[in-house]
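Chemist: take a look and give me a structure for this.
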Amino acid sequence: MAKEMSNRYVSIIIVTAGRKDYLEACLKSLKSQSHPDSEIIVIDNSVENIFYSGGLNRGIAKSKGDYILCLNDDVVLDSKFIEKALKGFEADEKIGMVSGKILRPDKVTIDSTGLFLTPWRTAKERGYNAKDKGQFDSEGYIFGVSGAAAFYRKVMLDNIKAGNDYFDSKFRMFYEDLDVAWRARNIGWKAYYVPGALAYHARGGTARRPEGIGKRFARRYLSDELYLNLIVNRYRTIIKNESLFKFIFYLPFTLIYDIFIWLVVILSRPILLIKILSGPPIKT
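Modeler: You can find the predicted model right below:
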C-alpha cells in the first residue's frame, strides 16, 4: 500500500497575488520535494483577481493529479512534506483531507495542526499562536484542513463539486476551507493530521496590511472588503452545512458570539454594518 501511494501523482495549486518574494520561496520549496510525481499550477490573481476560491477552482479544473495540494503563496514546505502527508491518506480509504503541522516562519510558533469547528460555529486552527513543544506530535483524525496548505483526495473534491465549483466561489476567501471540510464530512469523508509533514506559513502575508503579518487578532489588519467577507462567510457556512437539530442545539453559543462580534463591528468599523444592511441578501 505504501509503495503504491508513493507513486501517486500530485497536483499543486498555488494562488498568488504576486506580492513580495513569497511565490519564489514557495516554488523553491516545491522543487526540492522528495516526492517526484507532481505538477505545479500557479494562478496569478494580480492579473485578474478571482480571489482565492475562484483561483483554486480554476487550478483544480486544469489539474491531472489523484491528490490536490492547495497552497497559499506565503507557504514554504519542508522537503518531505508531500511524501509524509501522502501517507496520511493510507490510514483510511475515507480520508479525503490531510493536514501537516503548519508552523510560522520562526519554526517555533504554531499556525495550525488541523481545522476544527467550534461551538460558536467558527473555524479554529488547533494550536494557533502557541509555541510548538511537541503537544501535537500524535497523528489522528481532525475536522478539516487549513486552507494555507490543504491536501485533498481528488475523488473527494469531485464528490462535493457543485456545478463548476469545488470551493464555493461566492466565498472568495475566508471560511472556504471550513465549508469544504464540513460539506465533505456531511457525506462521510474524513480528515487526518500528520505531524511529520512540516510547512511554514507567513500568516496573512498576502491578505493583511504589512504591520499585521503573523499578528494575533487578524481582523484588525484586514481591509473593509475582506473583513466583510469574513463575517458573511461564517453565516454562509452555517446555512449551507448545519443540520436543524445542531443549529438549535448550538444556537445559544452562536448568539453569544454574534453579540460579541457585532459589538466589535459597531465600535470599530460601523461602515461595515451600513454596507451589510444596504447590500444584497446572503445567497446560499
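
Chemist: now do the closest residue to L56 other than its chain neighbours against E139, distance only.
Modeler: In space, and not counting its chain neighbours, L56 is closest to F167: 5.0 Å by Cβ to Cβ, 6 or more residues apart in numbering. Any C-beta I mention is one placed from the backbone N, CA and C, and that applies to glycine too. Using Cβ to Cβ, to the nearest Å, F167 is found at 26 Å from E139.

Chemist: that older thread, give me phi/psi at the residue nearest to L56?
Modeler: phi -90, psi 140 (degrees, to the nearest 10).

Chemist: over to V232?
Modeler: The phi/psi pair for V232 (degrees, to the nearest 10) is phi -70, psi -40.

Chemist: helices of this structure, residue ranges please.
Modeler: Under the criterion DSSP state H, the chain contains helices at 2-6, 22-31, 51-62, 81-88, 154-160, 176-186, 224-241, 244-268, 270-278.

Chemist: rewinding a little: of F167 and E139, who's got more company?
Modeler: F167 (28 against 14; other Cβ atoms under 10 Å).

Chemist: so where is the stretch 1-150 of the chain shaky, pLDDT-wise?
Modeler: Residue ranges of the stretch 1-150 of the chain with pLDDT under 70: 1-7, 18-20.

Chemist: could you do the stretch 151-284 of the chain as well?
Modeler: Residues of the stretch 151-284 of the chain that meet the criterion pLDDT under 70 lie in 205-221, 279-284.

Chemist: and the closest residue to A130 other than its chain neighbours, how far from M156?
Modeler: The shortest distance from A130 to any non-neighbouring residue, by Cβ to Cβ, 6+ apart, is to I110 (5.0 Å). Counting by Cβ to Cβ, the separation of I110 from M156 is 26 Å.
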